[in-house]
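Trainee: I need the structure of the sequence given here:
(chains A and B)
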Amino acid sequence: MQVSLTTALDAAIDWHTKLSSMNEAQWEAFVAWLEASAENRFAYDRVAKSDAFLSQLSAVPSFDREEKQPEETHRFRNIAAVTAALAILGSGLLAFALVPSQMAPRIEQTSAGVVKQIAFADGNRLAINGETRLVLDPADPRAVTIDRGEVLFSVKHSQHPFTVEAGGFKILDLGTVFNVKLTDSTLELAVKEGSVLFDPTGARLTVKEGQSISVYLLHNLVVRGNAASVGTWVAGELSFEDSTVAAVAEAMQRRSGIDIRLSPSLSNKPFTGNIRLTGNGAADAIHLARLIGADYHREGAAWIFSPRRDNR
Amino acid sequence: MTSSGLRAVYQERRILIERLIRARTNSADEAQEVMQELWLRIEQVRPGPIADPVAYVMRMALNMIVDRLLSQERKRMRETNWVAMQPSAAEFPNQETKVMAADELARVRQLLDQMPATMSRALVMFRLERLAQKDIAAELGMSVSGVEKLLARAYRQLTEFQQTATSEAHTKSELLGLRSTHDAG
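Mentor: Next comes the predicted model:
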């Protein structure tokens, strides 16, 4: 038993590492192998789960940072910042050599509930939502990288395209207003005016006014949709269509810093509708609880939502 | 490739797809559910050019099943905790999308750090950067079969590590359950 399981595991690993390059006939052989025994199925299940576990790592920035070129610079900058801090503490001259030059990337970072607007000399404007981190290249004001979070771009027409990089994809823009939101699992792009070119070296999808695309990063799946109200979060108006309560809580936290924790059964409840934030966190949290019919209580700064106990 | 092309593949190779799904699920009902979900997914995707549409649909199906398994696992873990305690802020992770606790991730990272540098590099290129094995071979200056062996060893370590971590987590939640019964009694 132990021996055959080990063999099955080796075979499962062998199959798994070949999956991405298998042709139709090999897929048939793989299915037949799975069908051959419960041990094979169990072994493959273990490998597939471990692999899925590994894929979660891509969501961890510090890991990516060691692998990708542009990130390398940030890391250097962080080291430099620490060294600079040490220098201030009095440890002296040596540190100054490491202080970044003026051409180092500029990092904009916001915490939950903080919205920041940036206007560039060439007329482009960015509205940065809370819980967002992006990198600006001082040498090229028309190139922005989003590490996480949400940004509304208003870009003036120019001969040089404006590029946004997020979640490993490039978005090319020739003068429009569009919104980009990057989370651990998805990249969402919605265009309010004009059009943009998504993934110019790969899929080359044109996304026009009123359209959106969602990229499920884990599977590299792209789904097109319509964008009804793009970037209204800037004014505190959140709109959801066929969404979930979890997405509403996340958007509220990002925009206004309200910390809402949902019980598992509430998070996946469907939600369609608009929410206008008042700026009063407590009022907004209670409003949402009433909308979705949930009980709530406070615990420090957090609002705990749970399903209503009885159905009166 | 349009989604209608993928729809045709789904219809033509339905039996093969269903056999794969059946072999990766626990019941005929569940397999049916996944088949339907796959059909809906095919209706929605607008992929770029695809060299081998059958292979593409088969991989879609496998990915969907893994997603289901993970969410079932998560649900089971949460429910175990849910019964044991009153709701508190610490208990619901703030973002449902954060699949694993940070310390678990840290442990996987540690495992990768402990691997020989070429092994973890190969694994990252294969799994996260999704490079083909021949490209990994070129990058690492070794043969394709060398890369194959390296990846097989890496996956074996990962699978074994993963099994230890899972059984530890189960023991932990069982212990929690035990204690709360005791407190209540």
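
Trainee: show me where pLDDT drops low in chain B?
Mentor: Residues of chain B meeting the criterion pLDDT under 70: B:1-4, B:47-49, B:73-106, B:163-185.

Trainee: contacts only, for the residue lying closest to A:Met22 once chain neighbours are set aside.
Mentor: Of all residues not flanking A:Met22 in the chain, B:Ala55 sits nearest, at 5.8 Å (CB to CB, 6 or more residues apart in numbering or on different chains). Where C-beta positions appear, they are placed from N, C-alpha and C, glycine not excepted. Residues near B:Ala55 by CB atoms under 8 Å, 6 or more residues apart in numbering or on different chains: A:Met22, A:Asn23, A:Glu24, A:Trp27.

Trainee: please repeat the previous calculation with a cut-off of 10 Å.
Mentor: B:Ala55 sits next to A:Leu19, A:Ser20, A:Ser21, A:Met22, A:Asn23, A:Glu24, A:Gln26, A:Trp27, B:Val9 when contact means CB atoms under 10 Å, 6 or more residues apart in numbering or on different chains.

Trainee: buried subset of the residues you listed?
Mentor: A:Leu19, A:Met22, A:Trp27, B:Val9 (16 or more other CB atoms under 10 Å in any protein chain shown).

Trainee: phi, psi for the last one please.
Mentor: The one in question is B:Val9. Here is the backbone geometry of B:Val9 (degrees, to the nearest 10): phi -60, psi -40.

Trainee: now do the contacts for it.
Mentor: The neighbourhood of B:Val9, defined by CB under 10 Å, 6+ apart, consists of A:Glu24, B:Met1, B:Ile17, B:Ile42, B:Ile50, B:Asp52, B:Pro53, B:Val54, B:Ala55, B:Tyr56, B:Val57, B:Met58.

Trainee: the residue nearest to A:Met22 should be in a helix, yeah?
Mentor: Yes: counting by DSSP: H, G, I helix; E, B strand; the rest coil, B:Ala55 is located in a helix.

Trainee: where do the strands of chain B begin and end?
Mentor: Taking DSSP state E to define them, one finds no strands in chain B.

Trainee: can you say which helix or strand has A:Arg142 in it?
Mentor: Secondary structure assigned from DSSP states H and E places A:Arg142 in strand A:140-154.

Trainee: that strand: partners in the sheet, and parallel or antiparallel?
Mentor: On the basis of DSSP bridges, the sheet neighbours of strand A:140-154 come out as strand A:125-128 (antiparallel), strand A:132-137 (antiparallel), strand A:162-166 (parallel), strand A:177-182 (antiparallel).

Trainee: of all the residues in that strand, which ones are buried?
Mentor: Neighbour counts over strand A:140-154 (16+ other CB under 10 Å) mark A:142-154 as buried.

Trainee: list just the nearest of these to chain B.
Mentor: Minimum distance to chain B across those is 11.4 Å, recorded for A:Arg148 (CB to the nearest CB).

Trainee: correct me, but that closest one touches A:Gly130?
Mentor: No: judged on CB atoms under 10 Å, A:Arg148 makes no contact with A:Gly130 at a distance of 11.1 Å.

Trainee: where in the stretch 51-200 of chain A is pLDDT low?
Mentor: In the predicted model of the stretch 51-200 of chain A, residues A:55-104 satisfy pLDDT under 70.

Trainee: can you give me the strands in it?
Mentor: A:106-110, A:116-119, A:125-128, A:132-137, A:140-154, A:162-166, A:169-173, A:177-182, A:186-193, A:195-198 (DSSP state E, counting those that start in this stretch).

Trainee: what is the orientation angle of the fourth one with strand A:106-110?
Mentor: Yep, that's strand A:132-137 we're talking about. Angle between the axes of strand A:132-137 and strand A:106-110 is 170 degrees (criterion: axes from the mean of the first three to the mean of the last three CA atoms, to 10 degrees).

Trainee: so what touches strand A:132-137?
Mentor: The contact list for strand A:132-137 (CB under 10 Å, 6+ apart) reads A:61, A:70-71, A:73-74, A:77, A:103-112, A:114-116, A:118, A:120, A:126, A:128, A:143-151, A:163-166, A:180-182, A:254.

Trainee: try it again at 7 Å.
Mentor: For strand A:132-137, the external contacting residues (CB atoms under 7 Å, 6 or more residues apart in numbering or on different chains) are A:74, A:105-110, A:128, A:143-151.

Trainee: kindly report the same for stretch B:56-68.
Mentor: Contacts for stretch B:56-68 (CB under 7 Å, 6+ apart): A:19, A:27, A:48, A:52, A:219, B:6, B:9-10, B:17, B:20-21, B:24-25, B:34, B:37-38, B:41, B:50.

Trainee: if we go to 8 Å?
Mentor: In contact with stretch B:56-68 (CB under 8 Å, 6+ apart) are residues A:19-20, A:27, A:48-49, A:51-52, A:218-219, A:221, B:1, B:6, B:9-10, B:13, B:16-17, B:20-21, B:24-25, B:34, B:37-38, B:41-42, B:45, B:47, B:50.
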